[in-house]
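Undergrad: next one to model:
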Amino acid sequence: MKTIFRYGAAYGRLVLLLTLAGAFLTGCREDFSPEPEDIELIEYSRPKDRPKDFLFLPTAPAEAKRDVVAVKLEDEKGHRSTEEILAIVSLQGLTNRVSPEIYTHCNSDEWLLEWYKENGYIDNYTYSDDIIGLLKRYRQYYKGVVVYDPDKKYTVNLASNIAGVEDRVILSPAMLETFLQDPEVDALIDVFDLRELNFRDQTEAFMWYRLNVVPRQTNALLGFADNSFMYNVHRDYLIEHRVPTFWLPGPSDTDYSISYDGMVRMFLTDSHANLAIFGFPAGVDDKGDNIGYSEYEGVKNMGFYGKYWIGNTWIGNYSFHSAVKVDNKTFKQEAPRSKTHPVYNPNKKYVALAMTDSGDAICYFAYDGFFSRQWLEERKQLGVVASYSVTPSLPFLLPAVARRMYDEQTANDFFFGCVSGLGYCYPFEGYGQLLGNRDATFREYYLELGSSLLRNMDLDMFVTYAHPFNKIWDDNELSIANAYMARMEGIRSIIGNIHSSGYTAANGSFMLPDSEVSVHQTLTHWDQSTTNDVLQNGDDDSKNEEAAEYMVDEVLKYGKDGNFILCMFYSWEYGPKRLRMIMDMLEAESPGTYEFVTMNDFDDLYRQSLQQ
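TA: Just a heads-up that it's a prediction; the model follows:
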């Protein structure tokens, strides 16, 4: 188990060079543009390492307890120390794997604990601030301790991975000493001290990890975490399910290593296509400095290896959330689907207000984002008509929240699939191109996983987009959409882009060739460089009128030459008050001309227009 294999950094550099060469050569090929008639619809052959009954995400094997012990990872003074958080979340992951009763929260998701109680999901909760006491109380759920090296931060991920497969809690050297001094603690408890392995660098540590730990981990999900607060808080779920967890420093980071980068890329090449990565590629350390690759580069790079993101940072507790029992696991959009579609009038302009961003990030539905900005009673009181993107991970990771959203949905609310359907990736920008069989990767992503998981939530539309912004889809993008997206069972429409796409109302909606699937492109533009002060703080009521005026100008500019206007709004910028103001301003601009509709009505009206 503890044998060290020293190959040196040269091998890692060679791997990276070969990988980058492959990416370059692949990028130089002609665009991947399959013709629909070339694609036989045969059953996708699952690799042997993917369980046949596994589709998406692991969930808790046991139901959440009615009485829970809660631990604050953060309060108004700041967050706990790294050593405290690692001890708590590792204990939580191992305990909740068997008996989900430890509940952790940060400031932004604190509201959920009381909400669970108010809605009958739990009976009682008591707070505990005694970490050593918790380690003693839940001693039956772990077999030993793994100690990381505070001077080598890459050993935190190694400790996290070992904790999951060997049922060990993670302790710092100082906390171990304190723990062992307690007279009630067994002094003979098994301790695996990573300092004794004396790794020379993160490349050597990762190679050791691949040989000794990866074979005992799940092959159904990947985890992404740096040793900083924004990532450490969600290790409970990763440890619970023995998820391979790693971090990829960006080229400008102080701990960037070309050999380590190469090792990680080889690992990604060897892992299964269409795996979700739980986390986010770009972050900040505890000093507030940027770390990792940029969002765009990180998402694109992982996409080369057929990986997509379930975005999560700043909160955790999914080992508990995913265990909460909901009586009704059927998710149907009953209210918006039971209404009668409006009848098309060529003299009207139909506007769909759509939250196309943020829905791919599971954390957005747990912290005070979606519910405090969008899902408010005032949206009903104000008569706001809007559509919202949601992640198919919601019923798996936050089942009670998913249940709430579907139960509270009105005829004026509509849900559609998040960016790229399953999760955040760029399917038009080399997704899966380093795995050898891109066609098989797309088949599984869209025809199998995507079709099943979107139907599970009664979603018949999803978002996809291309870079750069303001880009009309070319033959490559259209062919991928037609060959795969249009063949997904139950899919009716594709929402193009989360940003202005270069289209106007004259050409923004169209049918894919030889298909019954429509495409509706986003028309309104979001220019952060010029609107940052106005829009970024959607909670600032003093900016409401200016923000609404900006969006109205966008609608007038890009919607003047047609009848169908897909108007995206960023989740953190436009809440019900601003959306209502947009509706009122456009009505005042041209009374009786603009009609606001949900995305399902928008699509039906477009199809009606084609018959005239």
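
Undergrad: below-threshold pLDDT in the stretch 451-600 of the chain: ranges please.
TA: For the stretch 451-600 of the chain, the stretches with pLDDT under 70 are 468-470, 527-537.

Undergrad: could you show me where the helices are in the stretch 401-550 of the chain, in order?
TA: 438-442, 451-456, 475-483, 528-535, 544-558 (DSSP state H, counting those that start in this stretch).

Undergrad: how about the second one: buried residues?
TA: Buried positions in helix 451-456, judged by neighbour count with 16 or more other CB atoms under 10 Å: 451, 453-456. For every residue, glycine as well, the C-beta is placed using N, CA and C.

Undergrad: now it - C-alpha only, PDB.
TA: Taking C-alpha atoms only, helix 451-456 is exported to PDB below (Å, rounded to 0.1, in the frame of the first residue of the first chain):
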ATOM      1  CA  SER A 451     -32.300  11.800 -23.100                       C
ATOM      2  CA  SER A 452     -32.900   9.800 -19.900                       C
ATOM      3  CA  LEU A 453     -32.000  12.500 -17.400                       C
ATOM      4  CA  LEU A 454     -33.800  15.300 -19.000                       C
ATOM      5  CA  ARG A 455     -37.000  13.200 -19.400                       C
ATOM      6  CA  ASN A 456     -36.600  12.400 -15.700                       C
END
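
Undergrad: Y367: which of the helices of the stretch 401-550 of the chain is closest?
TA: helix 528-535 (20.1 Å; CB to CB).

Undergrad: who touches the helix or strand encompassing R607?
TA: Here R607, judged by DSSP states H and E, is contained in helix 599-610. Applying CB atoms under 8 Å, 6 or more residues apart in numbering, the external contacts of helix 599-610 come out as 336-337, 341-344, 346, 350, 352, 354, 387, 414, 416, 460-461, 492-493, 495, 509, 511, 518, 520, 563-564, 566, 597.

Undergrad: excluding chain neighbours, what is closest to G306?
TA: A273 (3.6 Å; CB to CB, 6 or more residues apart in numbering).

Undergrad: and this structure, what are its domains?
TA: 67-321, 334-610 (automatic domain parsing).

Undergrad: can you list those domains in TSV and add distance to F56?
TA: Shown next, in TSV, are the domains of the chain (distance: least, CB to CB, whole Å):
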stretch	distance to F56
domain 67-321	7
domain 334-610	6
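
Undergrad: lowest average pLDDT across those?
TA: Mean pLDDT is lowest for domain 334-610 out of the domains of the chain, coming in at a mean of 92.

Undergrad: ends of that one, how far apart?
TA: Taking CA to CA, to the nearest Å as the measure, domain 334-610 stretches 27 Å from start to finish.

Undergrad: for stretch 232-241, same thing?
TA: First-to-last residue span, stretch 232-241, CA to CA: 15 Å.

Undergrad: buried subset of the contacts of helix 599-610?
TA: The buried subset of the contacts of helix 599-610 - by 16+ other CB under 10 Å - is 336, 344, 350, 352, 354, 387, 414, 416, 460-461, 492-493, 495, 509, 518, 520, 563-564, 566, 597.

Undergrad: from these, which land in strands?
TA: 350, 352, 354, 387, 414, 416, 461, 493, 495, 509, 518, 520, 564, 566 (DSSP state E).

Undergrad: out of those, the closest to D539 would be?
TA: A354 (20.6 Å).

Undergrad: how about the contacts made by the closest one?
TA: By CB under 8 Å, 6+ apart, the contact set of A354 is 386-389, 416, 495, 522, 566-569, 599.

Undergrad: who's it bridged to?
TA: In this entry, A354 is beta-bridged to S387, M568, by DSSP bridges.

Undergrad: from G490, how far out is it?
TA: Using CB to CB, to the nearest Å, A354 is found at 19 Å from G490.

Undergrad: N96 against I102, yeah?
TA: Yes - using CB atoms under 8 Å, N96 and I102 qualify as a contacting pair, with a distance of 5.9 Å.

Undergrad: looking at the two, which is more packed in?
TA: More crowded of N96 and I102, by other CB atoms under 10 Å: N96, with 32 against 27.

Undergrad: pretty sure that one belongs to a helix, no?
TA: Yes - assessed by DSSP: H, G, I helix; E, B strand; the rest coil, N96 belongs to a helix.

Undergrad: residue numbering should commence at 721 henceforth.
TA: Noted, 721 is the first residue going forward, which turns the last one into N816.

Undergrad: give me the nearest residue to it, chain neighbours excluded.
TA: S1039 (3.9 Å).

Undergrad: list the contacts of the one you found.
TA: Contacts of S1039 by CB under 8 Å, 6+ apart are 780, 812-813, 816-817, 820, 822, 956-957, 959-960.
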